[in-house]
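Novice: What follows is a predicted structure for the sequence shown.
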Amino acid sequence: MVDDPVTKALNVTRALGIPDEEVKPILKNLLRVYDKNWTLIEEGNYRTLLDAYFDHKETMGKEDKSRRYEGHDESGRPVKRQNLAGKEVRASPTLADPSEESDSEVRVLPLTTPRQGIMKSSKPCSSGSRLESKALVLRGDKKTKSLRELPAGPMNEPSVPSEVHKKGLTKLSSSEKQVNDLALSKKPVLAVHPVSPGLSKSLTSKKSKDDSSASNHSRIIKTTLNIASSSMGEVKILLDWDSALGQPNFQKPKFGEVLKFVENKYVRSYNIVGDQFSVKKLLKDLCESYLKMGTNSTDRSFAINHPSEVIKETGDGHALHVAEQKKRPLNIGFGATGIKGKGSSSSEYTDSHTVTYDEKRPFNFLNDITKGTEKVKISLVDDIGNETLPKFNYIPQNVIYQNANINISLARIVDDDCCSSCSGDCLSSSITCACACETGGEFAYTPQGLLKEDFLRACMAIKYEPQQDHFVYCKDCPLEKAKNDGSPEQCKGHLIRKFIKECWRKCGCDMQCGNRVVQRGISCKLQVFLTRERKGWGLRPLEALPKGTFVCEYVGEVLTNTELYDRNMGISKERHTYPVTLDADWSSEGILRDEEALCLDATFNGNVARFINHRCFDANLVDIPVEVETPDRHYYHLAFFTAREVAALEELTWDYGIDFDDIDHPIEAFSCSCGSEMCRDKKTKKYDGKNACLKSPSFATPGSNLHILTKEFQPKSGGQVNPTS
Ligand SMILES: C[S@@+](CC[C@H](N)C(=O)[O-])C[C@H]1O[C@@H](n2cnc3c(N)ncnc32)[C@H](O)[C@@H]1O
């Protein structure tokens with residue numbers, strides 16, 4: 001069936017992501033003016049129509065600026081719109097060639113066509129001051145609506161080319177009527193404006209200045225990146241820029257090549273192993289996270305008043321700078337300036353492309369909490385309030401406190417425990433070496449440095465669905481002994497864990513060997529931030545992390561359990577303590593000597609892992625014991641790997657294994673605000689959106705933390721763990 005001319009026109013604009021409701025009034029006017037001459041409208045693949053549409057948008061953008069800054073559309077409803085704005089770049093981006101795009105989930109659509117040869121336009125393309133836009137559209141899920149069901153913009157009478165006006169109005173034709181009818185058939189869901197009004201204004205006012213310096217190749221180009229979503233679940237990213245400010249010798253590159261170029265650049269600068277990084281994936285992730293955060297927010301005060309985050313890349317391109325704007329839409333801007341210690345600038349809302357800070361809301365920002373001791377910097381940000389900075393000493397590697405008996409001597413590593421005849425990279429050798437024996441003759445890592453799926457799954461099964469034979473019960477439990485002043489107590493059980501064994505100094509391979517991941521240290525970009533759910537500080541990645549990524553190890557002082565107990569007796573009850581027990585291999589011993597029953601305490605000296613909060617069951621990190629320097633497994637490294645793909649800025653969590661139902665336990669566990677649907681803490685009054693409270697009284701009483709962190713919860717089925725048996 002052949003489409004009627006109206007449908008044909010709307011098909012073109014729909015393909016460009018323009019809602020029907022915005023096009024119909026413009027089409028209606030054009031039909032009047034051109035005396036229903038469709039040839040004029042269809043010419044040049046509907047350039048006249050598109051031109052009239054963008055002219056209208058530009059005009060509307062200027063007129064509606066003040067209203068939209070108030071966050072409302074014409075009908076007075078809040079506009080669900082967010083801006084990632086403020087990027088200043090020194091090259092002019094260009095339109096994608098849509099034909100280059102594969103049928104991937106992220107589609108690139110030009111929202112305008114090149115201006116050359118546009119007919120019947122009151123503003124010829126040579127004016128050059130307009131924005132060119134590109135929309136990246138992602139479907140939240142397969143059920144989401146198509147782009148054309150994205151919200152309509154303002155429904156005011158559109159502007160039309162000036163000659164159109166001169167011709168005056170005629171009575172409604174059947175085509176016009178059809179347009180009108182169609183216009184009424186759909187209700188706008190919400191407003192998405194392809195042209196930033198603030199930007200339009202700034203560009204208009206800049207025009208003459210820019211024109212006069214047309215030959216200046218290093219001019220600063222303004223771009224804005226907008227994110228919008230419809231309530232139907234579709235998320236759209238829109239990138240606007242002013243092409244007229246581009247370099248005169250600018251030539252449109254292939255979009256696919258641009259993507260590859262950016263990917264290579266980021267892979268190099270962030271030491272990303274393998275081909276993990278993809279710009280499309282990043283944008284998809286951004287859209288999905290937007291959708292997820294918007295969808296999952298049950299607390300309206302959080303959803304509506306979520307303070308906007310203004311994130312600035314610092315000079316070194318690593319740390320982010322986050323400020324707060326209460327009751328503003330989320331506003332994340334990637335700027336190009338250096339670090340600020342405190343928030344500054346106006347509390348007034350400014351143009352969407354301007355990075356702003358709220359002076360009334362001071363925030364803390366540390367560029368690198370590691371003090372240069374890690375390969376990567378790890379920033380800390382408090383964008384909620386002026387929270388006291390955590391007091392601890394950052395150490396990148398474990399240190400022995402006093403009595404722990406850790407014998408790191410090469411002489412103790414026998415031939416079967418190393419691969420002295422290997423060279424280079426053990427993973428690329430056709431013969432599996434001795435270091436893979438621990439993991440069943442196969443290395444735990446992929447050549448890309450990720451944990452293998454099977455191994456990850458097996459580790460998680462032991463943690464989350466332990467069987468009876470995964471537990472060992474000590475005859476003389478060091479934990480109970482320390483707690484009860486030496487009197488023997490019944491052991492509550494220790495989980496026998498799967499270990500990774502990494503190559504080490506006696507091995508013939510080099511430091512780049514694929515079986516040396518944890519020992520090479522942190523390589524992902526991480527940030528400590530103040531959580532909004534009463535959990536205190538937390539940790540998040542600044543980039544998306546694939547499943548099986550090594551994030552960091554739990555570093556602290558190596559203490560004997562007795563030392564820990566004594567230490568905690570002297571600690572103020574107000575202070576968090578951060579111990580974990582190294583009991584993953586207690587099964588191999590009969591009765592452990594005190595100096596062999598060890599734990600890691602990050603209370604005073606620790607690394608970034610001390611900020612990882614707890615989440616029941618569906619945490620995105622899993623802790624895995626790693627043997628590196630010594631085959632003696634009283635001492636090992638506790639490494640965190642991603643249990644699934646983790647989005648950039650998603651909080652990293654770890655299931656501490658707390659049994660919140662253990663009413664016999666002398667110390668009450670903290671009230672869990674993990675937010676998991678499977679939260680084990682039934683007593684918890686769920687997060688109510690009030691201020692985060694750092695000093696939860698739990699986890700602060702001497703002796704408790706150790707047990708809270710190590711005690712295994714009741715398994716989902718089987719009930720094999722019996723704390724009293
Ligand atoms: C290892 S620390 C984690 C970092 C800590 N949030 C901080 O600010 O330093 C453990 C403490 O964090 C808090 N915490 C961790 N997970 C939590 C959760 N799911 N709900 C509430 N508080 C949590 C508790 O106070 C706990 O004692």
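Specialist: On my side now, so go ahead. Residues are numbered from 1 along each chain as shown.

Novice: List the buried residues in the helix or strand where residue 43 lies.
Specialist: Using DSSP states H and E, the element containing residue 43 is helix 38-63. Going by neighbour count (16 or more other C-beta atoms under 10 Å), the buried part of helix 38-63 is 40-44, 46-61. For glycine as for every other residue, the C-beta is placed from the backbone atoms N, C-alpha and C.

Novice: next one: stretch 373-386
Specialist: For stretch 373-386, a neighbour-count test (16+ other C-beta under 10 Å) marks 374, 376-384 as buried.

Novice: Can you tell me the SS state at residue 514?
Specialist: Classification of residue 514 using DSSP: H, G, I helix; E, B strand; the rest coil returns coil.

Novice: Local confidence estimate at the closest residue to it other than its chain neighbours?
Specialist: Leaving out its chain neighbours, the residue that sits closest to residue 514 by C-beta to C-beta, 6 or more residues apart in numbering is residue 427, at 3.4 Å. Looking at residue 427, its pLDDT stands at 96.

Novice: my hunch is that residue 427 is in a helix, does that hold up?
Specialist: Yes. The assignment for residue 427 is a helix, going by three-state DSSP.

Novice: ok, it - contacts?
Specialist: Contact analysis of residue 427 by C-beta atoms under 8 Å, 6 or more residues apart in numbering lists 443, 445, 447, 513-515.

Novice: Can you check these and name whichever has the most neighbours?
Specialist: Highest neighbour count within these, by other C-beta atoms under 10 Å: residue 513, with 28 neighbours.

Novice: Next up, the contacts around that residue.
Specialist: 422, 424-427, 503, 507.

Novice: and the residue in the stretch 301-450 of the chain positioned nearest to the ligand, which of the three is it?
Specialist: At 5.7 Å from the ligand, residue 390 is the closest residue in the stretch 301-450 of the chain, using C-beta to the nearest ligand atom. Secondary structure for residue 390, judged by three-state DSSP, is coil.

Novice: For the residue lying closest to it once chain neighbours are set aside, which residues count as its bridge partners?
Specialist: Distances taken as C-beta to C-beta, 6+ apart put residue 537 closest to residue 390, at 6.0 Å, once the chain neighbours are dropped. Counting by DSSP bridges, residue 537 is bridged to residue 530.

Novice: Contacts only, for residue 439.
Specialist: With C-beta under 8 Å, 6+ apart, residue 439 has these contacts: 455, 498-501.

Novice: run the last query once more with 7 Å
Specialist: Residue 439 sits next to 455, 500-501 when contact means C-beta atoms under 7 Å, 6 or more residues apart in numbering.

Novice: Now go through those and say which are in strands.
Specialist: 500-501 (DSSP state E).

Novice: Would you mind checking the contacts of residue 439 for buried ones?
Specialist: So, by 16+ other C-beta under 10 Å, the buried ones in these are 455, 500-501.

Novice: Switch those residues over to JSON lines; also include pLDDT.
Specialist: What follows is the buried ones among the contacts of residue 439, written out as JSON lines (pLDDT from 0 to 100):
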{"residue": "455", "pLDDT": "97"}
{"residue": "500", "pLDDT": "98"}
{"residue": "501", "pLDDT": "97"}
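
Novice: Distance to the ligand for those - can I get that in CSV?
Specialist: Formatted as CSV, the buried ones among the contacts of residue 439 follow (distance: C-beta to the nearest ligand atom, whole Å):
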residue, distance to the ligand
455, 26
500, 23
501, 27
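
Novice: On the three-state scheme, residue 605 is what?
Specialist: Going by three-state DSSP: residue 605 is strand.

Novice: That one: neighbour count?
Specialist: Neighbours of residue 605 using other C-beta under 10 Å come to 19.

Novice: which residues touch it?
Specialist: Counting by C-beta under 7 Å, 6+ apart, residue 605 touches 392-393, 395, 399, 556-557.

Novice: and with 10 Å instead?
Specialist: Residues near residue 605 by C-beta atoms under 10 Å, 6 or more residues apart in numbering: 392-395, 398-399, 401, 555-557, 578.

Novice: Now the two most distant members of the residues you listed.
Specialist: Greatest spatial distance in the contacts of residue 605: 394 and 401, 16.5 Å, computed using C-beta to C-beta.

Novice: Please identify which of the buried residues of stretch 373-386 is nearest to residue 9.
Specialist: residue 383 (46.6 Å).

Novice: Can you pull the phi and psi angles for the closest one?
Specialist: Here is the backbone geometry of residue 383 (degrees, to the nearest 10): phi -110, psi 20.

Novice: Pretty sure it sits against residue 532.
Specialist: Yes. The pair residue 383 and residue 532 qualifies as a contact (C-beta atoms under 10 Å) at a distance of 9.5 Å.

Novice: still on that earlier bit, against which helices or strands is the helix holding residue 43 packed?
Specialist: Helix 38-63 is packed against helix 5-15, helix 20-33, strand 131-139, helix 162-167, helix 197-212, with contacts defined by 3 or more C-beta pairs under 10 Å, 6 or more residues apart in numbering; DSSP states H and E.

Novice: Now with 6 Å, please.
Specialist: Under the contact criterion of 3 or more C-beta pairs under 6 Å, 6 or more residues apart in numbering; DSSP states H and E, helix 38-63 touches helix 5-15, helix 20-33, helix 197-212.
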